[in-house]
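Enquirer: Pasting the sequence and the predicted coordinates here, then a few questions.
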Amino acid sequence: MMRTAVLLSCLAVASPLAAQGPVTAHYRAVADRIIGAALADSAAYARLGVLVDTFGNRLSGSDNLEHAIDWIIAEMGKDGLANVRGEPAMVPVWVRGAESAELVAPRPMPLPMLGLGGSVATPPDGITAEVLVVSSFADLEAHGDEARGKIVLFDVPFTNYGETVQYRVNGAVAAARHGAVASLIRSVTPNSQRTPHTGVMLYVDSVTKIPHAALTVEDAMMLHRMQDRGERIVVRLRMSARTLPDRESRNVMGELVGSERPDEVVVMGGHIDSWDVGQGAMDDGGGVVAAWEALRVLQRLGLRPRRTIRVVGWTNEENGSRGGIAYRDAHRDALDRHVLAIESDAGVFAPHGFGFTGSDSALAIVQQVGALLEGIGSGRITRGGGGSDIGPIMREGVPGMGLDVDETRYFWYHHTDADMLDKLDPREMALCVASLAVMAYVVADLPAPLPR
């Protein structure tokens with residue numbers, strides 16, 4: 001009782017500098033035990049392999065996704081986790097269908113492509129049209145008169161994801177406003193081996209919906225060079241994509257119930273859905289399984305924090321974020337008792353630490369928790385972090401945190417056929433497990449909840 005009283009007193013100190021140390025000192029031994037157990041084997045990597053090899057990619061609305069959720073529920077039950085369940089969420093259903101692109105002039109050749117999620121189809125015979133290549137939205141505006149009746153190709157080099165992805169999301173609307181019959185983008189990636197990248201795109205009701213697809217970096221650059229030489233470029237695009245009625249899916253979850261305050265919750269996880277290419281191992285099967293394994297590590301060690309830790313595999317992050325919204329709605333009355341939300345959705349590569357969004361006093365506390373992870377290189381806690389799935393509850397005031405990893409290779413494979421298990425490393429994934437387990441356990445066990 002005396003140690004708890006002293007710790008509570010130290011946590012109440014207003015100055016972050018004055019509060020450096022008590023949490024670290026109090027939890028050092030147990031954190032080292034957690035780290036040792038997490039790094040003792042490659043259980044997380046092995047389990048991820050079973051998930052992605054068995055069920056493959058898991059687009060919202062697909063049987064693959066629902067079968068994967070069934071399997072997770074069964075496995076969490078075998079693990080002995082508490083309150084294992086699937087909570088319903090209605091999700092959109094977009095089906096890619098057959099698709100192709102080919103260069104017709106100045107010479108015939110196939111063009112690897114991926115339709116963008118939510119795109120409409122071409123007519124059954126496809127669209128054959130001249131191509132106008134532009135390098136930005138401003139470039140399109142400057143040459144808008146030339147776009148009518150053509151396929152607009154946005155050949156935009158990757159700067160960062162937030163900037164460059166705007167062409168994937170909004171390119172079809174911009175091109176259609178100038179009378180284009182279809183739009184293409186250079187895949188959103190800094191590195192390519194002639195692999196196209198898919199992802200979500202949007203329409204607006206006031207603008208004609210035109211087909212929208214991604215070409216490879218190499219081919220977009222080639223078509224741009226052809227245009228610069230004054231050559232006439234013609235492409236034939238065929239897409240049979242369709243959108244079906246919404247289907248019920250589920251957020252899947254299991255818990256380690258708190259010993260003293262079970263109604264107070266630390267929630268962590270990632271999204272179980274993926275795009276319909278590759279295996280969704282990196283994005284984001286690894287995030288879900290790492291959080292799940294973090295809970296199993298705590299359970300194996302017999303550690304039961306004061307508060308409940310809930311692991312969630314959210315559904316439909318990729319093309320609707322309906323899972324995060326459904327979670328918020330289902331738990332709205334309990335959000336004031338959600339102490340922290342943690343998301344892992346950047347690949348389970350070597351972790352550097354966490355980005356945190358919350359009060360200054362809460363930041364000072366989680367920075368002390370971060371100090372427990374310095375020995376494995378994941379102790380850096382910076383301001384600003386979260387994720388798409390926890391965004392809805394963060395906007396209701398729940399402090400949020402995102403696992404910060406080495407993203408050097410993440411966008412090389414993002415939303416491609418190359419997102420498969422081999423892109424991940426068992427040791428790096430185990431480090432992510434250790435980082436998530438320590439952060440979740442300590443915050444869930446603190447005498448007082450993180451101050452908002």
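Expert: Structure received. Fair warning: this is a prediction, and the values are worked out from it, not measured in the lab.

Enquirer: just the helices in the stretch 51-200 of the chain please.
Expert: Counting by DSSP state H, counting those that start in this stretch, the stretch 51-200 of the chain has helices at residues 63-79, 137-142, 161-177.

Enquirer: what's the most buried one of those helices?
Expert: helix 161-177 (a mean of 20; mean count of other CB atoms under 10 Å). C-beta here means a position set from N, CA and C on the backbone, and glycine is covered the same way.

Enquirer: Report all helices and strands that that helix contacts.
Expert: helix 137-142, strand 151-154, strand 182-186, strand 212-215 (3 or more CB pairs under 8 Å, 6 or more residues apart in numbering; DSSP states H and E).

Enquirer: at 6 Å what do you get?
Expert: For helix 161-177, the elements it packs on are strand 151-154, strand 182-186, judged by 3 or more CB pairs under 6 Å, 6 or more residues apart in numbering; DSSP states H and E.

Enquirer: quick one: contacts of it?
Expert: 137, 140, 152, 154, 156, 158, 183, 185, 188, 199, 201-202, 204, 207-208, 210, 212 (CB atoms under 6 Å, 6 or more residues apart in numbering).

Enquirer: Geometric centre of this protein: which residue is closest?
Expert: residue 345 (3.7 Å; CA atoms, centre = their mean).

Enquirer: Wasn't that residue part of a helix?
Expert: No: Residue 345 sits outside any helix when classified using DSSP: H, G, I helix; E, B strand; the rest coil, being coil.

Enquirer: who's in contact with it?
Expert: 270, 284, 287, 387.

Enquirer: Relative to residue 175, how far out is the residue nearest to residue 125 when sequence neighbours are not counted?
Expert: Beyond its immediate neighbours in the sequence, the residue positioned closest to residue 125 (CB to CB, 6 or more residues apart in numbering) is residue 238, lying 7.9 Å away. The gap separating residue 238 from residue 175 is 18 Å, by CB to CB, to the nearest Å.

Enquirer: picking that back up, out of the contacts of residue 345, list just those in strands.
Expert: Among the contacts of residue 345, the residues falling in strands (DSSP state E) are residue 270.

Enquirer: TSV please, covering the contacts of residue 345 and showing distance to residue 319.
Expert: Listed next are the contacts of residue 345 as TSV, based on distance: CB to CB, whole Å:
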residue	distance to residue 319
270	16
284	13
287	17
387	16
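
Enquirer: which among the contacts of residue 345 gets closest to residue 94?
Expert: Of all these, residue 94 sits closest to residue 284, with 18.2 Å by CB to CB.

Enquirer: what sits against the closest one?
Expert: Per CB under 6 Å, 6+ apart, neighbours of residue 284: 270-271, 345.

Enquirer: Generate TSV for those, with pLDDT and distance to residue 292 as supplementary columns.
Expert: Formatted as TSV, the contacts of residue 284 follow (pLDDT from 0 to 100; distance: CB to CB, whole Å):
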residue	pLDDT	distance to residue 292
270	98	9
271	98	13
345	98	14
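
Enquirer: Thanks again, I'm all set now.
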